[in-house]
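1. sequence and predicted structure are below.
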Amino acid sequence: MEYVINESNKFNDKQLTYFYEKLPTYKKDKIKKYKSYKAKINSIIGEIGLEDLLLRHNISYHDLKFYTNYYGKPYIGNNNIYFSISHSYDYIVTAISKKEIGVDIERIRNTSLNVINKIATEKEKEYILMDKRKIIERIFTIYTLKEAYFKMEGKDLKDILNVEFKIQNDKVYCNDKNVKAGLIKEINGYIIAYCEKGK
């Protein structure tokens, strides 16, 4: 897996417009559907990150054919490379891999503790509640890992309680033994997680 993290305020309108105009029609249509301006520009920056990563492997972004599955997961139809993009507030993460990949970023922010029952298994609840000072951070850690997992799978979160993560000594273990999972600790105040198929 390779990834790049971009910050939304590092791109000006001219750069964003230039890249947007080169996007395939269906990607433009998807971006137009976002209500907030921030989400629109973050989506464009996610694609810029993808172009940058692909260029490292001498793959032209604009020669690729992009499709989406039933759940809306994008994939490349004419190259054996997988990608995932996620954005939250001011940061955008783009990842590529030769295996199915999912990446997610979330800013740590106030949330209802009731969400624990919706996202966490009994063992995950124990982990979340073990340290009272880190409850909110741990909620987002578990949630972000699960988002990354289902993005990798190309499915929605309907079966969120069927996948379980264990975090021990900064290592992440998934009950799906065919998955490599981890946390990327590069930005204070944010959780970045990834899941990749095959170990």
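-> Sure, I can see it. Quick caveat: nothing in here was measured; it's all calculated off a predicted structure. Residues are numbered from 1 along each chain as shown.
2. any weak-confidence spans in this protein?
-> Applying pLDDT under 70 to the chain flags the ranges 199.
3. how is it carved up into domains?
-> 2-96, 103-197 (automatic domain parsing).
4. got the ones you listed as CSV, with mean neighbour count columns?
-> Every C-beta, even on glycine, is put in place using the N, C-alpha and C of the backbone. CSV is the format used below for the domains of the chain (neighbours: other C-beta atoms under 10 Å):
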stretch, mean neighbour count
domain 2-96, 15
domain 103-197, 17
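5. any idea which residue of this protein is furthest from its center?
-> Lys132 (26.9 Å; C-alpha atoms, centre = their mean).
6. phi and psi next, for that residue.
-> phi -60, psi -30 (degrees, to the nearest 10).
7. swap in Lys40?
-> Dihedral angles (degrees, to the nearest 10) for Lys40: phi -60, psi -50.
8. and it, what does it touch?
-> Lys40 makes contact with 31-32, 34, according to C-beta atoms under 8 Å, 6 or more residues apart in numbering.
9. quick check, nearest of these to Glu51?
-> For the contacts of Lys40, the residue nearest Glu51 by C-beta to C-beta is Ile31; the value is 15.0 Å.
10. and the closest one, what element?
-> For Ile31, the element it lies in under DSSP states H and E is helix 25-33.
11. now do Ile192
-> Ile192 belongs to strand 190-197 when assigned by DSSP H and E.
12. next: Tyr127.
-> Counting by DSSP H and E, Tyr127 is found in helix 122-129.
13. what's the angle between the helix or strand following that helix and strand 190-197?
-> Using DSSP H and E, the helix or strand that follows helix 122-129 in sequence is helix 135-153. Using axes from the mean of the first three to the mean of the last three C-alpha atoms, to 10 degrees, the direction of helix 135-153 lies 30 degrees away from that of strand 190-197.
14. packing partners for helix 135-153?
-> On a contact count with 3 or more C-beta pairs under 8 Å, 6 or more residues apart in numbering; DSSP states H and E, helix 135-153 meets strand 82-88, strand 101-107, helix 115-119, helix 122-129, strand 165-168, strand 171-174, strand 179-183, strand 190-197.
15. try it again with 7 Å
-> strand 101-107, helix 115-119, helix 122-129, strand 165-168, strand 179-183, strand 190-197 (3 or more C-beta pairs under 7 Å, 6 or more residues apart in numbering; DSSP states H and E).
16. who's in contact with the last one?
-> Okay, so that is strand 190-197. 1, 88, 91, 93, 95, 97, 99-108, 140-141, 144-145, 148-149, 152, 178-184, 186 (C-beta atoms under 7 Å, 6 or more residues apart in numbering).
17. please report how far the residue farthest from the centre of the chain lies from Arg138.
-> 10 Å (C-beta to C-beta, to the nearest Å).
18. repeat that for Glu147.
-> From Glu147 across to Arg138, the span is 15 Å (C-beta to C-beta).
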